[in-house]
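Trainee: A predicted structure for the sequence below; I have some questions about it.
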Amino acid sequence: FKGIRTLHPLLATICTPTARPVIAAVRLRQGKSADSRGAKRFVTEALATAVEAGCTGIRVLRADSQFYNTDVVAACRRASTHFSITTGMNPSIKRAIAAIPKGAWTPIRYPRAVVDPDTGRLISDAEVAEVPAYTAFTGRTKSEQVTARLIVRRVRDVAQPATVGEQGELFPVWRYHPIFTDSPFETLQAERQHRHHAVIEQVIADGKAGPLAHLPSGKFNANAAWLTLWAMSYNLLRAAGALASAFHAKATTATLRRHLVHIPARIARSARRLMLHLPQRWPWQHAWTQLFATAHAPPETA
């Protein structure tokens, strides 16, 4: 993107099994900023928001390799939150993976094919193993070093099939995808939950299909304000969907706009009262009236 004006936002979401993610924190930085810049403060802000939003169960921060540093791990532990962070393939991790016994790898098959982050191909089979005690950040002081689990997923590095007259594969070649975590869940469950952090891509795609399509402008502060307003409107629509019905709690923003916002109705005034006329046999009438009744209910008293 050299010579092209770009954006560099940071985005954190809160994910639950019963609804689409909501945005916990968002920040816009200059395009030349490193991904890890400001990660500690950003993670602290996102985790505090999760607590305020009522996330009282087991909290696990899932992040990519740019958040693999001792400051992010320390922020998680201060907030009583587990961490699950993708790591790079540095020499220490390579040595740890090489020391895994051959019989320690557990084959897994994905019910739905997942996208390989390195090749973009769809894969259905892999193997998972765990290093139960791996010490990270050994280049820092002893107080900053962290010992936790290193869970490794490996997939076959399938080369192009040999043509006639060429030699085929002599031995299997693997590509490794390690994660560093103190998750309390068993190995396969922890690995599966970590891969689900890609759900944040749905939020990004949702934004690009709406307000974020109008960026960037020529002013950084204008872009930052627009990004914040998008996050606020996104969360308000998510709240509206959750109040409307179980279906709308998992619906996309475009569906919420079509079903709950852009409704075929007209406003009339009668006897000094405003009347909202809705169409008959409208398929989403019960969800909309549920949302309306809940939003306009009298406040509860202590």
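Mentor: Everything's here; your move. Residues are numbered from 1 along each chain as shown.
Trainee: which intervals of the stretch 201-302 of the chain have sub-threshold pLDDT?
Mentor: The model of the stretch 201-302 of the chain has pLDDT under 70 over residues 216, 299-302.
Trainee: now with 90?
Mentor: Using pLDDT under 90 as the threshold, the predicted model of the stretch 201-302 of the chain has low-confidence ranges 201-202, 204-223, 252, 262-267, 269-283, 285, 289, 292, 295-302.
Trainee: what ranges do the helices span in it?
Mentor: Using DSSP state H, counting those that start in this stretch, the helices of the stretch 201-302 of the chain run over residues 220-244, 246-249, 253-256, 285-295.
Trainee: tell me what angle the last one forms with helix 220-244.
Mentor: Put plainly, it is helix 285-295. For the pair helix 285-295 and helix 220-244, the angle between their directions (axes from the mean of the first three to the mean of the last three C-alpha atoms, to 10 degrees) equals 110 degrees.
Trainee: what lies in contact with helix 285-295?
Mentor: Surrounding helix 285-295, the residues in contact under the criterion C-beta atoms under 8 Å, 6 or more residues apart in numbering are Ala240, Leu243, Ala244, Ser245, Phe247, His248, His259, Leu260, Ile263, Leu278, Trp282. For glycine as for every other residue, the C-beta is placed from the backbone atoms N, C-alpha and C.
Trainee: and the furthest pair within those residues?
Mentor: Farthest pair in the contacts of helix 285-295 (C-beta to C-beta) is Phe247 and Leu278. Separation: 18.7 Å.
Trainee: now a PyMOL select for only the buried ones of the contacts of helix 285-295.
Mentor: Selection command for PyMOL covering only the buried members of the contacts of helix 285-295, criterion 16 or more other C-beta atoms under 10 Å:
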select buried, resi 240+243+244+245+248+259+260
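Trainee: reformat the contacts of helix 285-295 as a markdown table; add distance to Gly103.
Mentor: A markdown table is the format used below for these (distance: C-beta to C-beta, whole Å):
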| residue | distance to Gly103 |
| --- | --- |
| Ala240 | 52 |
| Leu243 | 52 |
| Ala244 | 52 |
| Ser245 | 49 |
| Phe247 | 46 |
| His248 | 48 |
| His259 | 53 |
| Leu260 | 54 |
| Ile263 | 60 |
| Leu278 | 65 |
| Trp282 | 61 |
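Trainee: closest to Ala297 out of the contacts of helix 285-295?
Mentor: Proximity of the contacts of helix 285-295 to Ala297, judged by C-beta to C-beta, is greatest for Leu243, which lies at 10.4 Å.
Trainee: what sits against that closest one?
Mentor: Under the criterion of C-beta under 8 Å, 6+ apart, the neighbours of Leu243 are Gln290, Leu291, Thr294, Ala295.
Trainee: what's the spacing between it and Ala287?
Mentor: Leu243 sits 9 Å away from Ala287 when distances are taken as C-beta to C-beta, to the nearest Å.
Trainee: quick revisit: right, and the helices of the stretch 201-302 of the chain - which one's nearest Pro107?
Mentor: If you check each of the helices of the stretch 201-302 of the chain against Pro107 by C-beta to C-beta, helix 246-249 wins as the nearest, at 35.1 Å.
Trainee: which residues sit against that closest one?
Mentor: Here helix 246-249 makes contact (C-beta under 8 Å, 6+ apart) with Thr18, Ala19, Arg20, Ala240, Gly241, Ala242, Thr255, Leu256, His259, Leu260, Ala287.
Trainee: quick check on the closest residue to the third one other than its chain neighbours: phi, psi?
Mentor: If I follow you right, that is Arg20. In space, not counting the residues next to it along the chain, Arg20 is nearest to Lys250; the distance is 5.4 Å by C-beta to C-beta, 6 or more residues apart in numbering. The main-chain torsion angles of Lys250 are listed as degrees, to the nearest 10 and equal phi -110, psi 10.
Trainee: burial count for Lys250?
Mentor: Burial of Lys250 is recorded as 15 neighbouring residues (other C-beta atoms under 10 Å).
Trainee: tell me if I'm right that it and Pro17 touch.
Mentor: No - the pair Lys250 and Pro17 does not pass the contact test of C-beta atoms under 8 Å, sitting 10.0 Å apart.
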